[in-house]
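Asks: I need the structure of the sequence given here:
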Amino acid sequence: MRVRKAVLPAAGLGTRFLPATKASPKEMLPVVDKPMIQYVVEEAKQAGMEQIIIVTGRGKRAIEDHFDTSYELEDILEKKGDEELLQEIKRISNLVTFCYVRQKEALGLGHAILCARDMIGDEPFAVLLGDMIIDSHKPALSQVLETYYRYKGPVIAVEEVEASEVTHYGVIRPEGLGNGVYKVLDLVEKPSPEDAPSNLAIMGRYVLTPDIFDTLEDTEPGRSGEIQLTDALKNLLAHRPLYAYLIEGKLYDAGSKLGFLKATVELALKNRELGGDFRDYLKGLQL
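Replies: Numbers count the residues shown, from 1 in each chain. Purely as a prediction, here's the structure:
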């Protein structure tokens, strides 16, 4: 069955960006000239997704407004004769079909995905984390989808990280199958460098089968009281094979301050309008 729906969990509190996120969603922080979540939505669109289910929480209304039609703004731009910007604003609201569901409590990524169960139904689906921006020639989700269609099983995106960084991610114990594909033998959530089974970290892109929902419901909350997707995938291994694909591209963890700054600088340098002037500015800095 073709994958046509994607879930974007965006209900987190954004505590790593306080006080900036006290009243504004972290996912709406601008990276150069558009909010970080728009990069992810555009990737999903390029990968062939027809419907995107965004899981939001209290105080996240700005996300819905961003992808909605803004008649007043369109009218102002039309009267000003700014046709280029007008078409860009219209394009944002017509990217795909959007649906929204609320996660009433911050109970973890696994619980956020469970909130979308009724909208997914009995179909395979993608999951994209809204603060993970991946700059690649081929959309990262398309790379994961190719592996899914080849192996007919759930696939997670991974990236090689430094040993000191594994404590920030879920990490897999892999069995290499060639061409960047691995069979997942085990998963560990945020291990110490000494206990990490590899340096292949899970990086915010998944293609999952609908049986993950029953597994999530049976997964016990962790010490933080949250249902972790990594724990559910570990439980799913008892019932079916799970695969991983080593993403080709540059990943920015824009959910961290340093990752956000790196994304802003490097994507600005690649921007056709700003890149040249910004590069000259950086070269001229006297720090």
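
Asks: Distance from stretch 13-24 to the middle of the chain?
Replies: 18 Å (CA atoms, centre = their mean, to the nearest Å).

Asks: Find the residue ranges of the chain scoring beneath the pLDDT cut-off.
Replies: Applying pLDDT under 70 to the chain flags residues 287.

Asks: would you list every one of the strands in it?
Replies: 5-9, 30-31, 34-35, 51-56, 97-102, 125-128, 132-135, 155-160, 170-178, 181-189, 200-208, 243-246, 250-253 (DSSP state E).

Asks: Kindly reformat these as JSON lines containing distance to residue 80.
Replies: Backbone N, C-alpha and C define where each C-beta goes, glycine included. As requested, these are exported to JSON lines (distance: least, CB to CB, whole Å):
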{"stretch": "strand 5-9", "distance to residue 80": "32"}
{"stretch": "strand 30-31", "distance to residue 80": "22"}
{"stretch": "strand 34-35", "distance to residue 80": "20"}
{"stretch": "strand 51-56", "distance to residue 80": "30"}
{"stretch": "strand 97-102", "distance to residue 80": "27"}
{"stretch": "strand 125-128", "distance to residue 80": "34"}
{"stretch": "strand 132-135", "distance to residue 80": "31"}
{"stretch": "strand 155-160", "distance to residue 80": "42"}
{"stretch": "strand 170-178", "distance to residue 80": "48"}
{"stretch": "strand 181-189", "distance to residue 80": "51"}
{"stretch": "strand 200-208", "distance to residue 80": "38"}
{"stretch": "strand 243-246", "distance to residue 80": "46"}
{"stretch": "strand 250-253", "distance to residue 80": "34"}
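
Asks: Which one of those strands lies nearest to residue 118?
Replies: strand 97-102 (8.1 Å; CB to CB).

Asks: ok, the residue nearest the centre of the chain - contacts?
Replies: Against the mean C-alpha coordinate of the chain, by CA atoms, centre = their mean, the closest residue is residue 129 at 2.1 Å. Residue 129 makes contact with 8, 9, 40, 109, 204, 205, 255, according to CB atoms under 8 Å, 6 or more residues apart in numbering.

Asks: what's the first-to-last distance across stretch 7-23?
Replies: 24 Å (CA to CA, to the nearest Å).

Asks: Perfect, that will be all.
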